[in-house]
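Chemist: Need a 3D model of the sequence below.
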Amino acid sequence: MRKFGHYAGIIFIMFWGLAPFYWMVVTALRSQEFTFDTTPWPTHITLDNFRDALATDKGNDFLGALGNSLFISLATTAVAVLVGVFTAYALSRYDFPGKGIVTGIILAASMFPAIALVTPLFQLFGRLEWIGTYRAMIIPNISFALPLTVYTLLSFFRQLPWELEEAARVDGASRAQAFRLILLPLAAPALFTTAIIAFITTWNEFMLAKQLSTTGTEPVTVAIARFSGPSAFEYPYAATMAAGALVTIPLIIMVLIFQHRIVAGLTAGGVKA
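Modeler: Here you go, the predicted model:
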């Protein structure tokens with residue numbers, strides 16, 4: 001019964017998480033005349049919805065927005081992970097005056113609701129003439145992803161066997177060499193996990209991008225929200241579902257590719273080293 005309850009819980013969680021995505025794919029594959037059909041499996045299958053999502057004749061630029069999202073997410077993830085790994089290392093390895101205050105400030109920075117920052121950021125970037133630029137979306141996203149990155153990596157660095165670094169220092173390695181050759185390989189699972197979380201968080205961001213972007217720099221979340229149908233009174237639900245499926249599938253593929261990195265043990269890597 002214990003095993004049955006365990007697997008039943010796993011199946012329930014899988015169904016709960018995948019059911020919206022499944023219905024999105026079913027609706028995307030269904031002809032527009034049957035968009036609101038409640039049949040739980042694909043019927044009246046067609047690829048016209050995907051063609052409508054990728055078409056530009058109605059003013060939609062889904063592929064361009066997809067490229068914008070990719071650039072913004074990669075830039076934000078790279079900066080957040082690069083800064084976060086050194087910050088987490090310093091907070092976990094060194095004792096210095098004000099360490100608790102610095103940690104508290106980082107935590108406090110993650111507590112600000114995004115809706116409260118929309119107006120100040122819009123005014124600031126408006127004065128700097130940054131509205132509609134990539135900088136106006138990358139910098140706020142870094143401020144949101146960095147606290148998450150720091151705290152995730154901090155918990156991993158605190159579990160690392162520091163004796164390996166000390167042994168490398170005894171063998172003649174500098175602190176930078178010990179960090180690069182010993183600690184970073186051990187922290188590879190944490191780095192991959194943090195990078196994927198930061199990437200997905202930035203990829204799904206909508207509120208600030210809606211206010212700070214233009215049609216040339218808008219990410220895919222804003223582009224999907226602006227989808228227009230054949231007329232002003234007809235919303236393209238099926239094309240929107242197709243675009244949502246196209247946006248979600250790359251994230252699923254990325255997680256499947258790097259899943260072995262995510263679940264790899266930190267201490268197991270240390271023993272192999």
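Chemist: in the stretch 101-250 of the chain, what spans have low per-residue confidence?
Modeler: 229-233 (pLDDT under 70).
Chemist: Going by residue numbers, what spans are helices in it?
Modeler: 114-127, 135-157, 162-170, 175-178, 184-186, 188-203, 207-212, 220-225, 237-257 (DSSP state H, counting those that start in this stretch).
Chemist: For Tyr89, which of these is the nearest?
Modeler: Nearest of these to Tyr89, taken as C-beta to C-beta: helix 135-157 at 5.8 Å. All C-beta atoms are positioned from the backbone trio N, CA, C, and that covers glycine.
Chemist: Take the helices of the stretch 101-250 of the chain and lay them out in a markdown table including mean neighbour count and distance to Ile72.
Modeler: As requested, these are exported to a markdown table (neighbours: other C-beta atoms under 10 Å; distance: least, C-beta to C-beta, whole Å):
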| stretch | mean neighbour count | distance to Ile72 |
| --- | --- | --- |
| helix 114-127 | 13 | 15 |
| helix 135-157 | 21 | 5 |
| helix 162-170 | 14 | 35 |
| helix 175-178 | 13 | 31 |
| helix 184-186 | 17 | 26 |
| helix 188-203 | 20 | 6 |
| helix 207-212 | 20 | 8 |
| helix 220-225 | 21 | 10 |
| helix 237-257 | 17 | 14 |
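Chemist: Of all those helices, which one is nearest Pro42?
Modeler: Taking these one by one with C-beta to C-beta, helix 237-257 is closest: 12.1 Å.
Chemist: hmm, back to that, can you redo the helices of the stretch 101-250 of the chain as JSON lines, where the extra columns are distance to Gln32?
Modeler: Listed next are those as JSON lines, based on distance: least, C-beta to C-beta, whole Å:
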{"stretch": "helix 114-127", "distance to Gln32": "34"}
{"stretch": "helix 135-157", "distance to Gln32": "33"}
{"stretch": "helix 162-170", "distance to Gln32": "60"}
{"stretch": "helix 175-178", "distance to Gln32": "59"}
{"stretch": "helix 184-186", "distance to Gln32": "51"}
{"stretch": "helix 188-203", "distance to Gln32": "27"}
{"stretch": "helix 207-212", "distance to Gln32": "26"}
{"stretch": "helix 220-225", "distance to Gln32": "17"}
{"stretch": "helix 237-257", "distance to Gln32": "5"}
